[in-house]
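Participant: got a predicted model here, sequence first, then my questions.
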Amino acid sequence: MAKNPDDYLHIDEIQTILYQSLHPDLWMGVREIYDLVEARAELTDADWKPAADGSSDPRWRRNVRNFLQARKETGTLEWDGAGRYRLGPTSDADHDGSGSTPNGSPGTPPELPQPAGSARRYWWVSHNQTHREELGGGFIWSPKTNANGVRNRFYDNMAEVAPGDIVFSFHGSHIQQIGVATSHAKTSPKPDFGSAGGNWAKEGWFVDVEFSPVLSPFRPKEHMAVIGPLLPPKYSPLRPSGDGLQSVYLAELSEDLAVVLASLAGATYPDPATASEPEPPDETVAAEEAELANIQGRTDIGDVVREQLVKARRGQGIFRTNVRMNEPCCRITRIDDPAHLRASHIKPWKDCSDEEKLDGRNGLLLAPHVDHLFDRGWISFSDTGDILVAGGLDTQVLDAWGVAATLNVGAFTPQQCVFLEHHRQHVFRG
């Protein structure tokens, strides 16, 4: 049956044509692939309209390019680096070169493999109100229910995110960042969003996500011809017009839609193995959790002290105030805006007495990258302020972050030196 003139070449049609023709032993250039698709596809007037990416190519060729790029990344297609493709080894079992899949149904494309070792899922986060905090802090956060206590599918989705999942960031009517989840959801207090989310619960879902800017930010509304048919029929992040929905926070996407979004953005999926810093050793986490549980169950301290001891673990509360009274800025970067600094314990919170947990002399105000190096023991300080660098730290990290290995940050007070001695002995990697 003839197509409607307003219809256009879909991803499944491209896939069917190429899987009937490509072979693991046959390399085919992009120009040959174009000729093949043009000969076998039923192209319509809509297909021949200019692509929305500003190129002179028609829309159908842009869709073919998107498909090739995406399948190259999953390993379904191999690329020789010079513009030629062939069927990848991951699809050998699904393709016999006859144009039929193993079950004998002609033209049915084989099932695409998931990324190696995982069942990756794809998500769209709409966070106009909180994108600055979430992108900068490397996380997404939502309440667990609506303000009236009713469950919300877009909040429930948070609990389904897994490490390695891909998250597209939508704010300002554009897809502007792409991220990879590095943790499962966990219960967390609401971060400091300023005036945003005043009616949200104080506790919700928190997922670590490392975001990176895309090469070509774009407005989905301008690409609805290709995006619209791939939107989920229920719980879609967009209206049919392409406008965002205010009620949406986290929506799940199909792999095909994720492919299109990544292609429009000129982005590749981040590598989950290198996207974030290593988690603390299990024994460190276990010790902190045990100490936290101990504090929560204690009867010898009042509620206010208990709350401050817990907040001190996160570098918040009265501990942060006390640190600021002793340290006016980050000693390495000299940044003095507290909004961009973390209050970091010198002697780890888990090893401290109650008094030490809140003692401002047991803390430093550090820029986030410096906090990472200090907290994980990659750097420390002598009592006179010389920076000490662990032998296992790649000096390229210091160079990239502008940290001089010969820096002197100024002498510490006698009280601080007591805590620094502990850090050098028990945290610093030497």
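Facilitator: Nice, thanks for sending it over.

Participant: buried set for the host helix or strand of Arg132?
Facilitator: Using DSSP states H and E, Arg132 sits in helix 131-137. For helix 131-137, burial by neighbour count (16 or more other CB atoms under 10 Å) applies to His131, Glu133, Glu134, Leu135, Gly137. From N, CA and C alone the C-beta is placed, and that goes for glycine too.

Participant: Gly197: which of those residues is nearest?
Facilitator: Nearest to Gly197 among those: Glu133, at 10.1 Å, using CB to CB.

Participant: and that closest one, how far from Leu407?
Facilitator: Distance of Glu133 to Leu407, given as CB to CB, to the nearest Å: 30 Å.

Participant: before we move on, what about Glu421?
Facilitator: Counting by CB to CB, the gap from Glu421 to Leu407 is 20 Å.

Participant: circling back to that earlier point, for the helix holding Arg132, output the C-alpha coordinates as PDB.
Facilitator: Coordinates of each C-alpha in helix 131-137 appear next as PDB, following Å, rounded to 0.1, in the frame of the first residue of the first chain:
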ATOM      1  CA  HIS A 131      19.100  22.200  36.500                       C
ATOM      2  CA  ARG A 132      21.900  24.500  37.700                       C
ATOM      3  CA  GLU A 133      22.200  22.600  41.000                       C
ATOM      4  CA  GLU A 134      21.700  19.200  39.500                       C
ATOM      5  CA  LEU A 135      24.100  19.600  36.600                       C
ATOM      6  CA  GLY A 136      26.700  21.200  38.700                       C
ATOM      7  CA  GLY A 137      26.300  18.700  41.600                       C
END
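
Participant: so for that helix, mean pLDDT?
Facilitator: In this model, helix 131-137 carries a mean pLDDT of 78.

Participant: so which elements touch the next helix or strand after it?
Facilitator: For helix 131-137, the succeeding helix or strand toward the C-terminus, using DSSP H and E, is strand 139-143. Here strand 139-143 touches helix 153-156, strand 203-218, going by 3 or more CB pairs under 8 Å, 6 or more residues apart in numbering; DSSP states H and E.

Participant: weakest of those in terms of mean pLDDT?
Facilitator: Looking at the helices and strands packed on strand 139-143, the bottom one is strand 203-218 with a mean of 88.

Participant: give the buried residues for the following helix or strand past it.
Facilitator: From strand 203-218 onward toward the C-terminus, using DSSP H and E, the following helix or strand is helix 224-227. Judged by neighbour count using 16+ other CB under 10 Å, the buried positions of helix 224-227 are Met224, Val226, Ile227.

Participant: and helix 224-227, how far out from the chain middle?
Facilitator: Here helix 224-227 is found 24 Å from its chain centre; the criterion is CA atoms, centre = their mean, to the nearest Å.

Participant: what lies in contact with that helix?
Facilitator: 8, 46, 52, 59, 63, 220, 238, 240-242, 257, 260-261 (CB atoms under 8 Å, 6 or more residues apart in numbering).

Participant: which residue ranges of the stretch 251-400 of the chain form strands?
Facilitator: 342-345, 363-366, 379-381, 387-389 (DSSP state E, counting those that start in this stretch).

Participant: so can I have a markdown table of these showing mean pLDDT?
Facilitator: Putting the strands of the stretch 251-400 of the chain into a markdown table (pLDDT from 0 to 100) gives the following:
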| stretch | mean pLDDT |
| --- | --- |
| strand 342-345 | 92 |
| strand 363-366 | 94 |
| strand 379-381 | 97 |
| strand 387-389 | 96 |
